[in-house]
Structures are given as structure tokens and as C-alpha cells.
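> Okay, predicted coordinates and the sequence, questions at the end:
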Amino acid sequence: MKFVDQTRIYIQSGKGGNGCVSFRREKFVEFGGPNGGDGGKGGDVVVEAVSGLNTLVDYRYKRHHKAQKGQHGMGKNMTGANGQDLVLKVPVGTQVFDEDMEFQIADLTKVGDRVILAKGGHGGLGNTHFKSSTNQAPRRTTPGGEAEEMNVVFRLKLIADAGLLGLPNAGKSTFLSVVSRAKPKIADYPFTTIAPQLGVVGMGENEFVLADIPGLIEGASEGVGLGTRFLGHVERCGVLLHLIDGTQEDVVDAFETIMGELEQYGGDLIGKPMIIGLNKSDAIEAEELEEKRLALQDVSGQPVMTLSGATKEGVKDVLAALWDVVKEDQAKRAIEEEGSAGADQDSSSTGGEWSPI
């Protein structure tokens, strides 16, 4: 399946049905009076986050989405049927923006999150509503409400606990395949990974989600290579694992290149906890490996771990370090969610109270 993480669509809610002009005409019933029914409400356009999806490809080829119109009112005071709501199902982590991407309308971070993007028009009133002692045969009705229409942009940011960063051929896909059941494409040429990959990593009885994105190169913030577009998929991660190919000559330059691109991108990626791993330790002499590790440690100002995805040497230590940060981040998010849920309950319980003047 093709991976699509951004698309623009046109949406339109349903127009409300018109009210009906009708009079009761029945044998032996004098002065039957008006009995025109109301029109039905138009359908809403709703976006909902569901499980089982990880791409927006459904909206790449179908760009126009319209909800059902409300039916017109009928005689015998029959109200027209309401239009059916149109539910647009998207992956968890989808953000909804206006057409110019200047305003974020919604951020769907949990399964079941729903937002009404366009409300359907109200149903018009039939002539029954306008009868009075002085106007016993009204021919007045009101039309149904107009539909709402707009262009919106869906942007997907995958939900993961940890993210992989690095230059092309740093061994990110190999690492993901070793620590999870994910089967990313692995080859000895740059940009093997051209779309984000997710893998579930088991840590004893616990597990966390690890995201691998295409490699960054110098100038990615200006569109070189695959650019920085896929960095959005690690914005939600609690920790980043920066893998550096230990077989290259200048590991410090590799580190500074990635950090420079992160700074250019923004999105608070620089401020996230980061674990630095010097990869492919099996292909380097021990003395040279230690030299490069110390050089990276001096530049970064934090400990540098050595590992080999091919031989799995040092992989468990890196996973343990990742899990320590992920565990703290998950606990912090759980506390925040409990706090927001409690605040919502308090506001709903106090909002309906009546107080005398």
C-alpha cells in the first residue's frame, strides 16, 4: 500500500430540506387547516480517528466528499428524513488544517476522537408553524439551511514512543528489523527507506513503538534529498535515537549535520531527550571505535553508546536506555490525561447547575 501522509480534500455538508406547504383535505372535515411538515436536517461531515489505518491514501484519489441532503417536508405534518452524516475515517495522529495550513482545526491523537468539520443545514419550517387565529391558511414556509463547504488539509504524524534519526545508511532499518518484527527494506545504497516504518519493541512484559524515517542529509531543510518532511512523524516521540555510522571517517560531522537540520526544522525536536548510538561497531577496530566515541562525546556533551545492528552487540543496552525514557514519558502523559479528564468532569458537573438570581 502506498504511504501518503498529507492530502487536500474538499468537503460539503448536506443542505437542509425545505418546509412544505400543505393543507388537510378530507371528506367531512371542515376547515382542515395547514399540515405541511418540516424539512430534514442536512448531514454533518465528521472526521474520526480509527485503529487499523496508517496512511491517508484513501483521500489521495477521492478528493470531493459530500454529506447527504435533508429531505423536504411533506403533507400530513410529516417531517423529511435527516441527511446521513459523512464520517471520514483517518489514522490516529492525523491533524486537520485549513486550506492554507495557517490554522489547525483538530489533532486526533486517540482512537475514537471525532470532530465535526462542517455542520449540515437546519430543516426548514412547514406552513403549520405559521397558523394563527388571523391567518388560518398560511402559505408561508422557510427554506432549509445552506450547506457548509471548505477545503481542508489532512496531515498524518505517526504516533510512536521513540524515533530513529541519522544519515542514510546509518543502519536505522537494520536496527528496527532486529529489535522488532518490522520488515523494512535493507540495502547497501542511500535512501533505501523512502517512507516511515513502525515497529513494536518488546521489553519483558512491556512494549513500545519505534519509528524509522528516511535518512537526512545536509541541506535537507532546503529540500535536498527527501527533505525534512518526514521529521513530523517523530515530533510526537518521547525520545530520539540518533544512530551514526561508525565506519565513516568523520563521525562528528555526521552528528553536527543531523543536529543542524533538526534546528532548521524546529518543532521542538532539539529539546527532546536523545540517545546517541555509534553503530556498526563490528566493522571497526576497538581502538578506532573508542577514539570516535570519545570525539562524539566531547561534541555532544552526553554519553555515546556503541552497538552493532548486524551482530546485536550493545543493542539490549540501547533498548534499555530508550525504555527508561519512554517509561517516564508514558507516565507523564498518563498523569496529564487524568488531569484533563478530571477537569472536563468538573466543568460538566458544574456547568448544568441552576442558581437563583
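Thanks, I have the structure now. Numbers count the residues shown, from 1 in each chain.

> next one: stretch 319-326 to chain centre, how far?
When distances are taken as CA atoms, centre = their mean, to the nearest Å, stretch 319-326 is centred 25 Å away from the chain's centroid.

> Alpha carbons of that stretch, as PDB, please.
Taking Å, rounded to 0.1, in the frame of the first residue of the first chain, the C-alpha atoms of stretch 319-326 are listed here in PDB:
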ATOM      1  CA  LEU A 319      16.900  -0.600  24.200                       C
ATOM      2  CA  ALA A 320      17.100  -0.400  28.000                       C
ATOM      3  CA  ALA A 321      18.200   3.300  27.800                       C
ATOM      4  CA  LEU A 322      15.300   4.000  25.400                       C
ATOM      5  CA  TRP A 323      12.800   2.200  27.600                       C
ATOM      6  CA  ASP A 324      13.900   4.200  30.700                       C
ATOM      7  CA  VAL A 325      13.000   7.500  28.900                       C
ATOM      8  CA  VAL A 326       9.800   6.100  27.200                       C
END
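
> buried set for that stretch?
Judged by neighbour count (16 or more other CB atoms under 10 Å), stretch 319-326 contains these buried residues: 319, 321-323, 325-326. Backbone N, C-alpha and C define where each C-beta goes, glycine included.

> Please identify which of those is nearest to residue 250.
residue 321 (24.8 Å; CB to CB).

> What strand or helix carries the closest one?
helix 315-351 (DSSP states H and E).

> avg pLDDT for that helix?
Averaged over helix 315-351, pLDDT sits at 75.

> Ok, stretch 9-18 next?
Stretch 9-18 comes out at a mean pLDDT of 95.

> what does stretch 146-157 give?
Across stretch 146-157, pLDDT averages out at 93.

> next one: stretch 214-228
62.

> Offset the numbering so it begins at 670, please.
In the new count, where the first residue is 670, that last one comes out as stretch 883-897.

> and the spatially closest residue to residue 984 that is not a sequence neighbour, what does it touch?
Excluding the flanking residues, the one nearest residue 984 by CB to CB, 6 or more residues apart in numbering is residue 976, at 5.5 Å. Contact analysis of residue 976 by CB atoms under 8 Å, 6 or more residues apart in numbering lists 844, 946-948, 950, 982-984, 986-987.

> JSON lines please, covering those residues and showing distance to residue 835.
Output for these, formatted as JSON lines (distance: CB to CB, whole Å):
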{"residue": "844", "distance to residue 835": "9"}
{"residue": "946", "distance to residue 835": "9"}
{"residue": "947", "distance to residue 835": "11"}
{"residue": "948", "distance to residue 835": "8"}
{"residue": "950", "distance to residue 835": "15"}
{"residue": "982", "distance to residue 835": "18"}
{"residue": "983", "distance to residue 835": "16"}
{"residue": "984", "distance to residue 835": "15"}
{"residue": "986", "distance to residue 835": "18"}
{"residue": "987", "distance to residue 835": "13"}
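
> Give me the buried subset of these.
By 16+ other CB under 10 Å, the contacts of residue 976 give 844, 946-948, 950, 983-984, 987 as buried.

> Now render these as JSON lines, adding distance to residue 903.
Shown next, in JSON lines, are the buried ones among the contacts of residue 976 (distance: CB to CB, whole Å):
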{"residue": "844", "distance to residue 903": "15"}
{"residue": "946", "distance to residue 903": "15"}
{"residue": "947", "distance to residue 903": "20"}
{"residue": "948", "distance to residue 903": "18"}
{"residue": "950", "distance to residue 903": "24"}
{"residue": "983", "distance to residue 903": "22"}
{"residue": "984", "distance to residue 903": "20"}
{"residue": "987", "distance to residue 903": "17"}
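
> How about stretch 712-725, which residues are buried there?
Neighbour counts over stretch 712-725 (16+ other CB under 10 Å) mark 712-716, 718, 722-725 as buried.

> Identify the residue with the minimum pLDDT among these.
Confidence-wise, residue 723 trails the rest of the buried residues of stretch 712-725, at 80.

> Show me where the protein has its helices.
Using DSSP state H, the helices found in the chain span residues 727-730, 841-848, 920-934, 955-969, 984-1020.

> all strands in the stretch 720-869 of the chain, in order from the N-terminus.
733-735, 755-760, 763-767, 773-777, 783-787, 818-825, 831-834, 866-872 (DSSP state E, counting those that start in this stretch).

> Tell me which of the ones you listed is the most buried.
strand 831-834 (a mean of 26; mean count of other CB atoms under 10 Å).

> contacts for that strand?
841, 844-845, 870, 877-882, 885, 902-903, 906-912, 927, 931, 991, 994-995.

> count of neighbours near residue 1002?
Applying other CB atoms under 10 Å, we find 13 other residues in the vicinity of residue 1002.

> What separation is there between residue 991 and residue 880?
Distance of residue 991 to residue 880, given as CB to CB, to the nearest Å: 12 Å.

> Kindly report the same for residue 825.
Distance of residue 825 to residue 880, given as CB to CB: 12 Å.

> okay, and the common contacts of the two?
residue 902.

> quick one: low-confidence parts of the chain?
Scanning the chain with the threshold set as pLDDT under 70 gives 670-671, 854-863, 886-898, 936, 1006, 1008-1026.

> Spatially central residue in it, please.
residue 763 (1.6 Å; CA atoms, centre = their mean).

> Next up, the contacts around that residue.
When contacts are counted by CB under 8 Å, 6+ apart, residue 763 is found next to 716, 718, 725, 777, 823-826.
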